[in-house]
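Peer 1: A structural model of the following input is requested.
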Amino acid sequence: MKLKKYKFKCVNSTNDTAIKLIKKGNSHGIVVSDHQKKGKGRYGNKWISIKGNLFLSIFFQLKKKYKLENLSIVNCKILKSAISKFIRQKIEIKNPNDLLINKKKICGLLQEVTFYKEKKFLIVGIGINISQHPVIKEYPTANLNQFSHKKISKLMLFNNIKIAYEKKY
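Peer 2: Numbering: from 1, shown residues only. Okay, the predicted model is just below:
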């Protein structure tokens, strides 16, 4: 499946933008934005969107029955593989939806299911700290450039993720 890229300078949330695209008749694609005003985390938490990091949502129709927990594991593995091409450190998956290096969060996923015209869609929101990371007292964070000898290109990482999803789904 080829994912059409929808590029924005600023959105409230890439997941919300994906939902709008679905309601306009788009069955699959990838939303990417330079900035999110209201990035989402699990349980209504906010994803802190710092300039220079990668914010995207991949959306597609679910034609088979899947357990969301299983899809979360698959999506974490896809991202782990795509990011691993840029760094040498071990990336750990912290269930259900975080990627860590040295016990510090570098990436979070937020999966949402939406229905439109009796069709079921999965939206995978992804936030990756590439060049900066928020300071959160109770939750250690990091960014990929801390673990790379060479500055990581947002575009190259985006393309790696897009290709990985196109192959998997």
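
Peer 1: dump the longest helix seen in the chain to PDB, restricted to CA.
Peer 2: The longest helix of the chain (DSSP state H) is helix 68-84. The C-alpha coordinates for helix 68-84 follow below in PDB (Å, rounded to 0.1, in the frame of the first residue of the first chain):
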ATOM      1  CA  LEU A  68      -5.400  -3.300  19.200                       C
ATOM      2  CA  GLU A  69      -2.800  -4.600  21.700                       C
ATOM      3  CA  ASN A  70      -1.300  -6.800  18.900                       C
ATOM      4  CA  LEU A  71      -1.200  -3.800  16.500                       C
ATOM      5  CA  SER A  72       0.500  -1.700  19.100                       C
ATOM      6  CA  ILE A  73       3.300  -4.300  19.300                       C
ATOM      7  CA  VAL A  74       3.600  -4.500  15.600                       C
ATOM      8  CA  ASN A  75       3.700  -0.700  15.300                       C
ATOM      9  CA  CYS A  76       6.400  -0.400  18.000                       C
ATOM     10  CA  LYS A  77       8.500  -3.000  16.200                       C
ATOM     11  CA  ILE A  78       8.200  -1.200  12.900                       C
ATOM     12  CA  LEU A  79       9.400   2.100  14.500                       C
ATOM     13  CA  LYS A  80      12.200   0.400  16.400                       C
ATOM     14  CA  SER A  81      13.500  -1.100  13.200                       C
ATOM     15  CA  ALA A  82      13.300   2.200  11.300                       C
ATOM     16  CA  ILE A  83      15.000   4.200  14.100                       C
ATOM     17  CA  SER A  84      17.700   1.500  14.600                       C
END
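
Peer 1: list the contacts of stretch 150-169.
Peer 2: Outside stretch 150-169, the residues that touch it by Cβ atoms under 8 Å, 6 or more residues apart in numbering are 1-3, 5, 30, 32, 52-54, 56, 58, 60, 74, 78-79, 81-83, 85-87, 126, 128, 130-131, 144-145. The C-beta positions use only the backbone N, C-alpha and C, and glycine is treated the same way.

Peer 1: how about 6 Å then?
Peer 2: For stretch 150-169, contacts defined as Cβ atoms under 6 Å, 6 or more residues apart in numbering pick out 1, 3, 30, 54, 58, 60, 78, 82, 86, 130, 144-145.
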